[in-house]
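**Q** Show me how the following folds:
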Amino acid sequence: IVNWCPFHKTALSDEEVKHAEKQGNFWYIYYPMTEGDGSITVATTRPETMLGDTAIAVSPQDERYKHLVGKTVQLPILNRTLPIITDDFVDAKFGTGAVKVTPAHDPNDFEIGRRHDLPYVVVIDESGKMTAEAGALFEGLDRFECRNKLVAELEKRGLLEKTENHTYSIGICYRCSTVIEPLLSDQWFLKMAPLAEKAIKAVKKGEITFYPKKWEKDFFYWMENIRDWCISRQLWWGHRVPVWYCKTCGEIIASPENPVHCRKCNSNTLKQDEDVLDTWFSSWLWPFSTLNWPKNTPEMKYFYPTSVLVSGYDILFFWIARMIMAGLWFTGKKPFNSVYITGMIKDELGRIMTKSLGNGIDPLEMVEKYGADAVRYSLIALSTEGQDIKLSRQKFEMGRNFANKIWNAYRFLKMKESEVTPHGSDVTESGTIEDLSDRWILSRLHSTWRTAFEKFNQFKLNEALNAIYNFLWHDYCDWYVEILKDRLNGRNSEASASLMNVALPTFKKTMEMLHPFMPFITEEIWQNIAPHGAESIMITNPGNYSEGFIAAQSEKDMMLIQQIIYSVRNVRGEMNVPPAKKAQLIIKCSKMDKLEVIRKHLDYIFRLSGIEKVDMGPDMVKPPQSATVVIPEMEIYIPLAGLINIEEEHKRLSKEVARLKNQIRSIKSNLSNKEFLKKAPANVVEKEHEKLDTFAGNVEKLQNNLIALEEQ
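**A** Here you go, the predicted model:
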């Protein structure tokens, strides 16, 4: 018995059948006993198939029906006599404990029919219409029209006990979503268990590795529960089944070449099977059939097996598992070493992109608008270890913004390069580094390089890219370049040396790390940053990161300076301090080593946070009307008197707190409204929760600022 699509009029393999939840009914139908009074009640979700029933089955352990086993019932409407049998397949707790057996229209019933030698009565044809076996009342009706008419007829005759609502799973065609009909059909099958056994062993021995590893569990489930593969299809296109039939003697001939004569009777009246092979039957041979297999060609020797297969999880069994089985069976070798499983790209509502929904995004349109590298960056950055991506057009903007950031950094470096004279040698190769920012950025470069290298080899591509992004955007552009700008404004030789021997080589090395992700922009920039020996960035040897440049203490010291600058900037922003106003900083800290780091690098704090005076020590006291920031082992006070109008700022903050509280009340009202929760899409409800958390956090910050302003 096969899965049959009445729309395409072809058989489908089990893997080509999708499953969907359906709200339907359980119909409880009386089957009258042929002798005496009484009946047996059977529950079914597909009453139209009862016209093909050939038995009623009960569990051998079910005491309720033991006295009926061996007796017979009348099939309602058609009045065919059916035996009552026992079979271990029947679940006594499901429905009434008695099931109708329709061997020609249900795979489980088919097996029961084989065990009990039951007849097979076909009542639904290949078009999904009822056959003559269904009776004159229903012949020619569509199966679902028949269902409605049959139920009405049963009710009319008093044979319908009751109807219950019931949710159950239905099989639908993966192409057209037509409800699948199990049908008896002559098809070609491939015995799969021996092939699956080899594939299981290869993965368990680590010869083939899945990334992420969680997909191995799904792979083993498919392989350990594999069924024979229905490989023939009743379609007009595809590879013809390589089987011929002798019209003279009936011999069946399977051959890779077109046979001329029958091998049994020597007749030349041969006819090829009209069916075609399942599409995946040719696809599973792809890794080696494209290399002229079975010939042992130079291409076969060089390219097989390959290193990595990249594919979506939706075809894990359709293609990936089958390629593994085919490769091991036909060549004796695995087809690839690693399998990288990607997620599915969905729309922003989490729906699969389809033509019918019209929710697809044309990648060429996005490339035209944002650039190829921006599109590549955005897709990789969103790809988290095989997880699905909720994609919208707006998400490509982050790739464009990153590309713009790279170009701006490059233009700044080239502009400054033309203003200075080369100094010394590239300190990424040799030399002593005096400035903290230089030591720090080189340490961050090599730390990032190490992280990206490790993540890349683990197929965690988004994490590798994210490490490079954070380094280039935040460490290099937001911090190092800003510090370098001020140093270069001083026109000193030390800053010029940093530009030529640290800033430019670091940027060049970052382009080499970024190249696999953003090939076009990195090639263009790399070609214009001298010196380099290779013709292209793609064939250059980037070398390895150097542990000697990874300076934990420099990174720790720089982080302390950054925390202080961040704190001041945040307070200035939250309290509406004008940019031109210089502030005072008071740092209370008992750790002398930290205070020493701050003293050495006060120039960073002065230039990057708008501070003109810093007092620090273990005994510092918080002045009245001061903002407070706490970082590990340190308290930072920023006196606000003289920087802002305290009274006006108090009014502004109070007004903002009131506004946010109103927003919070409104959101809470929505989230406590059952009608809103019932009707609103899940993503809207999720956004409301996110807004609630954000507003609550903002209120807390503003109230703390109000407390600071109220201090006397």
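
**Q** secondary structure element for Lys217?
**A** With the criterion set as DSSP states H and E, the secondary-structure element containing Lys217 is helix 215-224.

**Q** Quick check: buried residues in that helix?
**A** Trp215, Glu216, Phe219, Phe220, Trp222, Met223 (16 or more other Cβ atoms under 10 Å). No exception for glycine: its C-beta is placed from N, CA and C like everyone else's.

**Q** same deal with stretch 336-346?
**A** Burial within stretch 336-346, assessed by neighbour count using 16+ other Cβ under 10 Å, is assigned to Phe336, Val339, Tyr340, Ile341, Thr342, Gly343, Ile345.

**Q** tell me the SS of the fourth one?
**A** Secondary structure, DSSP: H, G, I helix; E, B strand; the rest coil: Ile341 is strand.

**Q** returning to what we had before: outside of the helix holding Lys217, which residues touch it?
**A** Contact with helix 215-224 is made by 196, 199-200, 203, 210, 313, 316-317, 320-321, 339, 341, 386, as judged by Cβ atoms under 8 Å, 6 or more residues apart in numbering.

**Q** Do I have it right that Asn683 meets Lys346?
**A** No - Asn683 lies out of contact with Lys346 (Cβ atoms under 8 Å); the separation is 11.8 Å.

**Q** for the helix or strand containing Arg411, the distance to its chain's centre please.
**A** Taking DSSP H and E as the criterion, Arg411 maps to helix 397-417. What separates the centre of helix 397-417 from the centre of its chain is 31 Å, taken as Cα atoms, centre = their mean, to the nearest Å.

**Q** Which strands and helices lie in contact with the host helix or strand of Glu596?
**A** In this assignment (DSSP H and E), Glu596 forms part of helix 592-600. With contacts defined as 3 or more Cβ pairs under 8 Å, 6 or more residues apart in numbering; DSSP states H and E, the packing partners of helix 592-600 are helix 552-574, strand 611-617.

**Q** can you list contacts of the last one?
**A** If I follow you right, that is strand 611-617. Identification of contacts with strand 611-617 by Cβ under 8 Å, 6+ apart yields 568, 582-589, 595, 598-599, 602, 605-606.

**Q** Tell me the buried residues within these.
**A** Neighbour counting by 16+ other Cβ under 10 Å classes 568, 583-589, 595, 598, 602, 605-606 among the contacts of strand 611-617 as buried.

**Q** re the thing from before, next structured bit after the helix holding Arg411?
**A** Toward the C-terminal end, the helix or strand that comes next after helix 397-417 (DSSP H and E) is helix 436-457.

**Q** and for stretch 101-119, what are the contacting residues?
**A** Residues lying outside stretch 101-119 but in contact with it, judged by Cβ under 8 Å, 6+ apart, are 1, 46, 49-50, 52-57, 85, 87, 89, 100, 120-124, 181-184.

**Q** In strands, which of the residues you listed appear?
**A** Residues from these lying in strands, with DSSP state E as the criterion: Ala55, Ile56, Ala57, Ile85, Lys100, Glu181, Pro182, Leu183.

**Q** picking that back up, between the buried residues of helix 215-224, which sits nearest Gln663?
**A** When the buried residues of helix 215-224 are compared for distance to Gln663, the smallest value, 43.2 Å, is given by Trp215; criterion: Cβ to Cβ.

**Q** Throw the buried residues of helix 215-224 into a markdown table and include distance to Glu649 and pLDDT, thanks.
**A** Supplementary listing: these in a markdown table, determined by distance: Cβ to Cβ, whole Å; pLDDT from 0 to 100:
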| residue | distance to Glu649 | pLDDT |
| --- | --- | --- |
| Trp215 | 56 | 95 |
| Glu216 | 59 | 96 |
| Phe219 | 62 | 96 |
| Phe220 | 64 | 97 |
| Trp222 | 65 | 93 |
| Met223 | 68 | 96 |
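
**Q** quick check, nearest of those to Lys622?
**A** Distances from Lys622 to the buried residues of helix 215-224, taken as Cβ to Cβ, are shortest for Trp215 (56.0 Å).

**Q** which secondary element of the chain has the worst mean pLDDT?
**A** Taking mean pLDDT, DSSP states H and E as the measure, the helices and strands of the chain show their lowest mean at helix 493-498, namely a mean of 74.

**Q** How far does the helix or strand following that one sit from its chain's centre?
**A** As assigned by DSSP H and E, the chain's next helix or strand after helix 493-498 is helix 504-514. Averaged C-alpha coordinates place helix 504-514 at 30 Å from its chain's average position (Cα atoms, centre = their mean).

**Q** what's the answer for stretch 699-711, then?
**A** Here the centre of stretch 699-711 is set off from its chain's centre by 43 Å, with Cα atoms, centre = their mean.

**Q** same thing with stretch 249-269?
**A** For stretch 249-269, the distance from its own C-alpha centre to the chain's C-alpha centre is 50 Å (Cα atoms, centre = their mean).

**Q** next one: stretch 174-190
**A** Taking the mean C-alpha point of stretch 174-190 and that of its whole chain, the gap between them comes to 29 Å (Cα atoms, centre = their mean).

**Q** what do you get for stretch 494-513?
**A** Centre to centre, stretch against its chain (Cα atoms, centre = their mean), the figure for stretch 494-513 is 37 Å.

**Q** Now do the buried residues in that stretch.
**A** Across stretch 494-513, burial judged by 16+ other Cβ under 10 Å covers 495-513.

**Q** Span of that stretch from start to end?
**A** Start-to-end span of stretch 494-513 (Cα to Cα, to the nearest Å) is 27 Å.

**Q** Which strands and helices lie in contact with the longest strand that the chain contains?
**A** Longest among the strand segments of the chain by residue count, using DSSP E, is strand 17-32. Packing partners of strand 17-32 (3+ Cβ pairs under 8 Å, 6+ apart): strand 39-44, strand 72-74, helix 143-156, strand 160-173.

**Q** can you dump the C-alpha coordinates of the last one into PDB?
**A** The one in question is strand 160-173. In PDB, the C-alpha atoms belonging to strand 160-173 read as follows (Å, rounded to 0.1, in the frame of the first residue of the first chain):
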ATOM      1  CA  LEU A 160     -25.000   6.600  13.700                       C
ATOM      2  CA  GLU A 161     -24.700   6.500  17.500                       C
ATOM      3  CA  LYS A 162     -23.000   9.900  18.000                       C
ATOM      4  CA  THR A 163     -20.400  12.300  16.600                       C
ATOM      5  CA  GLU A 164     -17.600  13.800  18.600                       C
ATOM      6  CA  ASN A 165     -15.100  16.600  17.800                       C
ATOM      7  CA  HIS A 166     -11.600  15.200  17.300                       C
ATOM      8  CA  THR A 167      -8.200  16.600  16.400                       C
ATOM      9  CA  TYR A 168      -6.000  14.300  14.400                       C
ATOM     10  CA  SER A 169      -3.000  14.300  12.000                       C
ATOM     11  CA  ILE A 170      -3.600  13.900   8.300                       C
ATOM     12  CA  GLY A 171      -1.000  13.300   5.600                       C
ATOM     13  CA  ILE A 172      -0.800  15.900   2.800                       C
ATOM     14  CA  CYS A 173       1.300  16.000  -0.400                       C
END
